[in-house]
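Engineer: After the sequence you'll find the predicted model.
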Amino acid sequence: MPFFYAGYQLYDVDQDRNQYYFYNFLNMTNADAGSLYPQFMYEAILKHASRNKEFKFKVRNTPYPKNEQVKDRKNGNDASIISFVTGTAYSIALTTTIGQLVEERTSRLKHMQVISGVRLSGYWMANFFVDVIKMELTSLTSIIMFYFFIPTYREVMLTYLVFPFGSIPMTYVLSFAFPAVASA
């Protein structure tokens, strides 16, 4: 089915001066369409212009060798994919954290514990410590994956290691902006 990959449209032909103008429509799902299909039209034009039905126009396609960037992308070392996957994991972890904070505030759970004798500073330090540990586990999982599968991203590991110490306080502050768990 060669017609599946390309199409042609002649829009101006001057047979007296042998000038042919055409559009070449390509389906780029075929890797060779961009180089071969224009050549097929050139061969047809030269056959017609020379009035020689046996005319052959040979094409040789020699692509450049793959560079390291293409090889890395093919091996799955694409930073955008890694950013998307880890960003999804961190957003889910932070969503559960902010949901728990808003639920605690709206259900007055902290108030009941304070009445029972829990000190407010101890309550908040314990909550903060547990939330940081949960995020650190996600960070350490990411760092282990980076270490074993993509050793070229060593600088990023430090960023993932300190990320919970910035994101958890920000989540605590932003939890006051939401009136209910559904909106958080």
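Structural biologist: In hand now; what should we look at?

Engineer: so where does residue 13 fall, helix or strand?
Structural biologist: strand 6-14 (DSSP states H and E).

Engineer: If you count contacts, what does that strand end up packed against?
Structural biologist: Other helices and strands packing on strand 6-14, by 3 or more Cβ pairs under 8 Å, 6 or more residues apart in numbering; DSSP states H and E, are strand 19-26, helix 33-50. (Glycine included, C-beta is placed from N, CA and C.)

Engineer: need the ones you listed in TSV with distance to residue 59 and mean pLDDT, can you?
Structural biologist: Output for those, formatted as TSV (distance: least, Cβ to Cβ, whole Å; pLDDT from 0 to 100):
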stretch	distance to residue 59	mean pLDDT
strand 19-26	14	88
helix 33-50	4	85
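
Engineer: Nearest to residue 58, out of these?
Structural biologist: Between residue 58 and the helices and strands packed on strand 6-14, the tightest spacing by Cβ to Cβ is seen for helix 33-50, at 8.7 Å.

Engineer: ok, and the closest non-adjacent residue to residue 10?
Structural biologist: residue 22 (4.7 Å; Cβ to Cβ, 6 or more residues apart in numbering).

Engineer: hmm, back to that, save the helices and strands packed on strand 6-14 as CSV, and put in distance to residue 10 and mean neighbour count too.
Structural biologist: Output for the helices and strands packed on strand 6-14, formatted as CSV (distance: least, Cβ to Cβ, whole Å; neighbours: other Cβ atoms under 10 Å):
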stretch, distance to residue 10, mean neighbour count
strand 19-26, 5, 13
helix 33-50, 9, 15
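
Engineer: could you dump those to TSV with distance to residue 67?
Structural biologist: Formatted as TSV, the helices and strands packed on strand 6-14 follow (distance: least, Cβ to Cβ, whole Å):
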stretch	distance to residue 67
strand 19-26	24
helix 33-50	19
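
Engineer: what are the phi and psi values for residue 31?
Structural biologist: Here is the backbone geometry of residue 31 (degrees, to the nearest 10): phi -70, psi -30.

Engineer: ok, now which ones touch it?
Structural biologist: Listed by Cβ atoms under 8 Å, 6 or more residues apart in numbering, the contact set of residue 31 is empty.

Engineer: State the distance from it to residue 71.
Structural biologist: Distance, residue 31 to residue 71, by Cβ to Cβ, to the nearest Å: 17 Å.

Engineer: quick one: low-confidence ranges for this structure?
Structural biologist: Flagging of the chain using pLDDT under 70 yields the residue ranges 1-4, 72-79, 151.
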